[in-house]
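Novice: Build me a structure from this.
(chains A and B)
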Amino acid sequence: MYNDKNKQKIVDIIKNAARKHSLWVLAYGTGCGAIEVPATMTSRYDAERLGVRGAATPRQADVLLITGYLTVKTLKRVIRVYEQMQDPKYVIGFGSCTINGGMYFDSYNTINQLDLYLPVDVYISGCMPRPEAVLEGFGKLQELIGKGIANGAQQYKENLDFYRENQKKVIKNWDFQDYNW
Amino acid sequence: MESLLMNILGAVTTFLLAFAVGMTYGGLRRKIVARVQNRYGPPFYQNFIDAFKLYSKSTAIHHGAMHFLGPAFIMVSSVVSLMFIPVLTNNQWFPNLNFQGDLIFLIYIMVFGPLGMALGAGQTGNPNSAIGVTRGLSQMVGFEIPWVMALIALMVQYKTTSITGLLDIQVQSGHWFMFENPFAFSAAILASLGMFRYSPFDIVGAPTELASGPMSENGGKFLFVMMSSGSVFAFVKLTLIVDLFMGGASNLIILVIKTFLLYMIPVTYGIVSPRYRTEQSITYFWGWPLFFGLIAIIYAVFF
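Specialist: This is a model prediction of the structure:
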């Protein structure tokens, strides 16, 4: 059963409405960005009023928030964490470092562009982004989920070879098992 | 045949009522905690949104059969104990199974859920789950003793082991057991602080310390089952204390008022208290609650 407006199934509209108002965030605190997350969650900016709250483990989380630069060593753990999460799942790249490397653009052991390794739904630019910007980013993600176009996880599954190739290019000691979803 | 259908319909209605009330109370608690912390807080229906979202998530985890059965065990425990609680005093819509001795059966079945959960959490192999289960069982040793003592005091004092029997005595005499045996009431309330597992007794699922403990490997639909059975179980505990100590409720409005006032005790105690350590939690329950339990039994036997 489809409605004419934007070709979403009606059951998906209801599900997406629930999903966008209940985002459980796994804040993967790499680099300096982790310090902005407590400010976003606590009394001054209070992300919980938008339904955004912290999740304890990858199994329970919906959003993977990558706050800052990723070394090659950390990237391996991030990929592992991302693949443990349950569908539907979203990734937010947080800060300049995830977009183009930021101030670590010529470092020998950080990656410059997160999009090559994980499907990022929303980027929040800034070094560091203030809590207002973080809330703006969550608002953007909610908008995308509401429209049903925040399908990074789907892209990851479809283009798994592309992502695996890029991941294996930087991670030398690759010892992952082959998952099947 | 018609009465059978009516009973099944009544049981489903009871479950839905318990689910709705428990979820709403949980949402109100989040709102109250937020207001105390000078935040705006989520809307009171946030728990319903979370539950629906968790239900709509996919599940691609497999840790073995017990991992699937663990959440089912807690759900069974919650629903079975709900079926033994008289929701209202003049029970026409809410059927309940009652027999002589159902209070003793209830003491048993209320422990059954956490034990099943412990089995399920054990199979996930996550070290956080194992620590959480150990802590949970240790804490249960703490609060079950004053809780059982409070109930035994009532059974000894009024010579009946039936919940409906105890409820009828209060309705006919007009005296609440809260005032007839205040020591048993104190012990039961203090033990219920531990049963709700809000801070300071949230040592089992401490999110920042144990990564939510026994449920750390459970996402999506598992978490939905745990969340809804926790809501039903909260309703069961509150209604049981209302039935045993506060004279039951003749209609739903009185039930909601009484249970909400009772629910505010663990909530307000939790907001202002930081988390205990495991041994502090156990020694807490073996202090004043145990003392009140002993006094309650002595009071019941000799007065």
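Novice: And residue 124, what's its pLDDT?
Specialist: If you meant another chain, say so; for now it's chain A. Looking at A:Ile124, its pLDDT reads 91.
Novice: Actually, chain B is the one I wanted.
Specialist: With respect to pLDDT, B:Thr124 scores 84.
Novice: how many other residues sit next to it?
Specialist: Close neighbours of B:Thr124, defined as other C-beta atoms under 10 Å in any protein chain shown, add up to 22. Heads up, the C-betas are built off the backbone N, CA and C, glycines and all.
Novice: Enumerate every residue touching it.
Specialist: Going by C-beta atoms under 8 Å, 6 or more residues apart in numbering or on different chains, B:Thr124 touches B:63, B:67, B:216-218.
Novice: What's the local residue count around A:Lys169?
Specialist: With other C-beta under 10 Å as criterion, A:Lys169 counts 11.
Novice: ok, so what distance separates it from A:Ala153?
Specialist: Distance, A:Lys169 to A:Ala153, by C-beta to C-beta, to the nearest Å: 22 Å.
Novice: B:Asp168 too?
Specialist: 57 Å.
Novice: Now find how far off-centre the biggest helix by length in chain A is within its chain.
Specialist: Ranked by residue count, the top helix of chain A under DSSP state H comes out as helix A:131-147. A distance of 12 Å separates the C-alpha centroid of helix A:131-147 from that of its chain, computed with C-alpha atoms, centre = their mean, to the nearest Å.
Novice: Likewise for stretch B:118-132?
Specialist: 22 Å.
Novice: When B:Asp168 and A:Ala153 are compared, which one has more neighbours?
Specialist: The neighbour count for B:Asp168 versus A:Ala153, taken as other C-beta under 10 Å, is higher for A:Ala153 (20 against 15).
Novice: what's the helix or strand for the more buried one?
Specialist: If you go by DSSP states H and E, A:Ala153 is part of helix A:152-158.
Novice: mean confidence for the helix or strand that contains B:Asn128?
Specialist: Element membership of B:Asn128, judged by DSSP H and E, is helix B:127-158. The average pLDDT within helix B:127-158 is 90.
Novice: next SSE after it?
Specialist: helix B:163-173.
Novice: Now that following helix: buried residues?
Specialist: B:163-167, B:169-170 (16 or more other C-beta atoms under 10 Å in any protein chain shown).
Novice: What angle do helix B:127-158 and it make with each other?
Specialist: Relative orientation of helix B:163-173 versus helix B:127-158 (axes from the mean of the first three to the mean of the last three C-alpha atoms, to 10 degrees): 50 degrees.
Novice: Return the distance of helix B:163-173 from the chain's centre.
Specialist: On C-alpha atoms, centre = their mean, the centre of helix B:163-173 falls 22 Å from that of its chain.
Novice: other SSEs contacting it?
Specialist: helix B:102-124, helix B:127-158, helix B:221-245 (3 or more C-beta pairs under 8 Å, 6 or more residues apart in numbering or on different chains; DSSP states H and E).
Novice: about what we covered before: quickly name whichever of the buried residues of helix B:163-173 is closest to A:Asn16.
Specialist: B:Ile163 (44.6 Å; C-beta to C-beta).
Novice: per-residue confidence at the residue nearest to A:Tyr69 when sequence neighbours are not counted?
Specialist: Spatial nearest neighbour of A:Tyr69, chain neighbours left out: A:Cys97 (3.8 Å); criterion: C-beta to C-beta, 6 or more residues apart in numbering or on different chains. pLDDT, A:Cys97: 88.
Novice: neighbours around A:Cys97, how many?
Specialist: Neighbours of A:Cys97 (other C-beta under 10 Å): 28.
Novice: that older thread, what does the helix holding A:Ala153 contact?
Specialist: A:87-91, A:118-121, A:163, A:181.
Novice: For the closest residue to B:Ala249 other than its chain neighbours, which residues are in contact?
Specialist: Among residues not flanking B:Ala249 along the chain, B:Leu255 sits closest, at 3.6 Å (C-beta to C-beta, 6+ apart). By C-beta under 8 Å, 6+ apart, the contact set of B:Leu255 is B:87-88, B:239, B:242, B:249.
Novice: Quick one: name the residues of chain B near chain A.
Specialist: B:30, B:34, B:37-42, B:46, B:49-50, B:52-53, B:56-61, B:128, B:207-208, B:211-212, B:215-220, B:223 (C-beta under 8 Å from any C-beta of the partner chain).
Novice: ok, A:Leu23 touching A:Glu48?
Specialist: No: using C-beta atoms under 8 Å as the test, A:Leu23 is too far from A:Glu48 to be in contact (10.4 Å).
Novice: and residue 71, how many neighbours?
Specialist: Going with chain A. Counted with other C-beta under 10 Å, A:Thr71 comes out at 17.
Novice: wait, chain B
Specialist: For B:Pro71, using other C-beta under 10 Å, the count is 24.
Novice: give me the number of residues near residue 55?
Specialist: I'll assume chain A. 22.
Novice: right idea, wrong chain: chain B
Specialist: 16.
Novice: Look up the closest residue to the residue in the stretch 201-303 of chain B that chain A sits nearest to, ignoring the ones flanking it.
Specialist: Closest contact between the stretch 201-303 of chain B and chain A, by C-beta to the nearest C-beta, is at B:Gly219 (3.5 Å). What sits nearest to B:Gly219 in space, not counting adjacent residues and going by C-beta to C-beta, 6+ apart, is A:Arg59, at 3.5 Å.
Novice: can you check B:Glu144 too?
Specialist: B:Val111 (6.9 Å).
Novice: and that neighbour, what pLDDT?
Specialist: For B:Val111, the predicted pLDDT is 87.
Novice: so, if you compare the contacts of B:Leu255, which one comes nearest to B:Val21?
Specialist: B:Thr239 (9.0 Å).
Novice: Next secondary structure after the helix or strand that contains B:Thr268?
Specialist: According to DSSP H and E, B:Thr268 maps onto helix B:252-271. Proceeding N to C from helix B:252-271, the next assigned helix or strand is helix B:278-285, under DSSP H and E.
Novice: what about chain A, any weak spots by pLDDT?
Specialist: Within chain A, the ranges that satisfy pLDDT under 70 run A:1-8, A:178-181.
Novice: Return the residues of it in contact with chain B.
Specialist: So far as C-beta under 8 Å from any C-beta goes, chain A lies against chain B at A:15, A:18-19, A:21-22, A:42-43, A:46, A:48-49, A:51, A:53-54, A:56-62, A:85-88, A:181.
Novice: Before I go, just wanted to say thanks for your time.
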